[in-house]
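Engineer: Starting from these lines, generate the structure:
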Amino acid sequence: MVMIRTRYAGQLRVEARHVPSGTELHTDAPVDNHGKGASFSPTDLVATALGACIATIMGIVAERHGIDLEGMSIDVEKSMVTEPARRIGKLDVRVRVPGDLDDRQKKLLEQAAKGCPVHHSLHPDIEIPIHYEWNATPVASLEAT
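Structural biologist: Sure thing, here's the model as predicted:
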């Protein structure tokens, strides 16, 4: 069990702490929902969690099979809907995998991505297409994208 502690800081901003590590992050409501958009919104964190989870699970499987994924990048484009309620409607995932992998390795990594616990935790009404770009240029840093 992991404890996440949150505190409403006012003006639609929230502070969150991962209690075991002490790491903190802040959220802000998006501009289209009365906020300033100065940081991740709570639904942005869902998209972030999905991308990070897919990368982590693929990384676990890659390490187990001697596949180098360093420089892999994952973009998650979040689309909101308003009916029947304001919620995430689609999380479009693009996985760019560097290296020259064979068909068996690609299938192994695709299966790993489908096993992401965040993906399995999301409501089935959310569309989550996953697209792969194989033999992609490695990404050195987030600023490089």
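
Engineer: middle-most residue in this protein, spatially?
Structural biologist: By CA atoms, centre = their mean, the chain has its centre lying nearest to Gly51, at 2.2 Å.

Engineer: and the next element down the chain from the helix or strand containing that one?
Structural biologist: In the assignment (DSSP states H and E), Gly51 maps to helix 42-64. Next in sequence after helix 42-64, counting helices and strands by DSSP H and E, comes strand 73-81.

Engineer: Who are the packing partners of that following strand?
Structural biologist: helix 42-64, strand 87-97 (3 or more CB pairs under 8 Å, 6 or more residues apart in numbering; DSSP states H and E). To be clear about C-beta, it is placed using only N, CA and C from the backbone, and glycine gets the same treatment.

Engineer: what helices or strands is the first one leaning on?
Structural biologist: Meaning helix 42-64. Short answer (3+ CB pairs under 8 Å, 6+ apart): helix 42-64 packs on strand 23-28, strand 73-81, strand 87-97, helix 103-114, helix 117-121.

Engineer: Pick the most deeply packed of the ones you listed.
Structural biologist: Most buried of those by mean neighbour count (mean count of other CB atoms under 10 Å) is strand 87-97; its value is a mean of 18.

Engineer: got the angle between that one and helix 103-114?
Structural biologist: Taking axes from the mean of the first three to the mean of the last three CA atoms, to 10 degrees, one finds strand 87-97 and helix 103-114 inclined to each other by 150 degrees.

Engineer: now strand 87-97, how far from the centre of its chain.
Structural biologist: In terms of CA atoms, centre = their mean, to the nearest Å, the centre of strand 87-97 is set 8 Å apart from its chain centre.

Engineer: got the contact list for Gly35?
Structural biologist: Listed by CB atoms under 8 Å, 6 or more residues apart in numbering, the contact set of Gly35 reads Leu12, Arg13, Asp28, Ala29, Ser41.
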